[in-house]
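>>> Okay, sequence plus prediction incoming.
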Amino acid sequence: MAMAMVLFTTASAMIRLTEGCYPIFQIVFLRNLLALLPFSLLIIMRRLSLHTAHFPTHLWRGVLGSFSHICLFSSILLLPFADANVLSYAATFVVCLLSVIFLKESLSLKGWLALLIGFLGVAIISNPSGSLTGLGVTFALTSAFIEGLVIVHNRYFSIRENPFRMLFYYAFVASITMLFVMIAVPFFNHDGWVPLTLMDGIYLSAFGILGGMGQACITIACTKAQTSTLAPLIYTGVLWSSLYGSLIFHESLGYSLCIGAVLIIASGLYIIIGTKK
């Protein structure tokens, strides 16, 4: 899970490094299409068949995942880099809540208090001094909710389906979904595809492959431990997003971000160290 956060944050930075202005549907399409490279390699290495008895489940997961990516990458482009990434950690609270409801994992009263403190941190970051747009925050939190739902479902679904096959079909369905969207949007006077420059092609290729590797890490992690235990490790991404935001994008780390991040990290660590019983 910690490795996934390194890969996800690095992949997100690749989007911000691009110099061109590309349709969000094109970005999501490339993200999932290129993620098929590491996923296909995993399938080959494990000598797995692509035959599945659960294609309808793969279908809705892929479509939902493509919508989550639209929201996530839109927030990264609309908000300061560190703020967008920290807001995405609201997925932790969704994971803990849904894992208690649907997976019957235990969380004590102190654990619920820790979650409320984490939500306070999200609220502080969501409404600092006017530097964040309401649309950007809405995109970030919508993506966090969907991502939390998918993470919880990963643990349930992995009992019936091979995790590597889950990864492959997730990206495959999302790629096909975005391909149809790109074909359709020109009819509504929007660009479906903008030619890439050489450097942007490199950045977006790294973005897709690193994002796919991160998704593989998080899926495998969810098959090895309780999701409510793994979820707080998402907070390790705060370190990387803050580092990239400061050193690469020259963003100042305001008091709202620092205070909110401390509350979010503290609540997550508290859940890890023994609030389950």
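Ah, there it is.

>>> which residues of the stretch 151-277 of the chain score low on pLDDT?
Confidence mapping of the stretch 151-277 of the chain against pLDDT under 70 gives the ranges 227-228, 231-232, 271-277.

>>> CA atoms of the helix or strand that contains residue 138 as CSV?
Using DSSP states H and E, residue 138 sits in helix 134-157. Extracted C-alpha coordinates of helix 134-157, given in CSV (Å, rounded to 0.1, in the frame of the first residue of the first chain):
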residue,chain,number,x,y,z
GLY,A,134,-15.4,24.4,-5.4
LEU,A,135,-15.5,22.3,-8.6
GLY,A,136,-12.0,21.0,-7.9
VAL,A,137,-12.9,20.0,-4.3
THR,A,138,-16.1,18.3,-5.5
PHE,A,139,-14.1,16.4,-8.1
ALA,A,140,-11.5,15.3,-5.5
LEU,A,141,-14.0,14.1,-2.9
THR,A,142,-16.2,12.4,-5.5
SER,A,143,-13.2,10.5,-6.7
ALA,A,144,-12.3,9.6,-3.1
PHE,A,145,-15.7,8.1,-2.5
ILE,A,146,-15.7,6.0,-5.6
GLU,A,147,-12.1,4.9,-5.0
GLY,A,148,-13.0,3.9,-1.4
LEU,A,149,-15.9,1.8,-2.7
VAL,A,150,-13.7,0.0,-5.3
ILE,A,151,-11.0,-0.7,-2.6
VAL,A,152,-13.6,-2.3,-0.3
HIS,A,153,-15.0,-4.3,-3.2
ASN,A,154,-11.5,-5.5,-4.2
ARG,A,155,-11.3,-7.5,-0.9
TYR,A,156,-14.8,-9.0,-1.4
PHE,A,157,-14.3,-9.7,-5.1
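
>>> hmm, who's touching the helix or strand following that helix?
Next helix or strand after helix 134-157 toward the C-terminus (DSSP H and E): helix 163-184. The contact list for helix 163-184 (C-beta atoms under 8 Å, 6 or more residues apart in numbering) reads 23, 25-26, 28-29, 32-33, 35-36, 39-40, 42-43, 46, 48, 50, 52, 55, 58-59, 61-63, 65-66, 69, 154, 157-158, 192-193, 212, 215-216, 219-220, 223. (Each C-beta comes from the backbone N, C-alpha and C, glycine too.)

>>> Okay then, goodbye and thanks.
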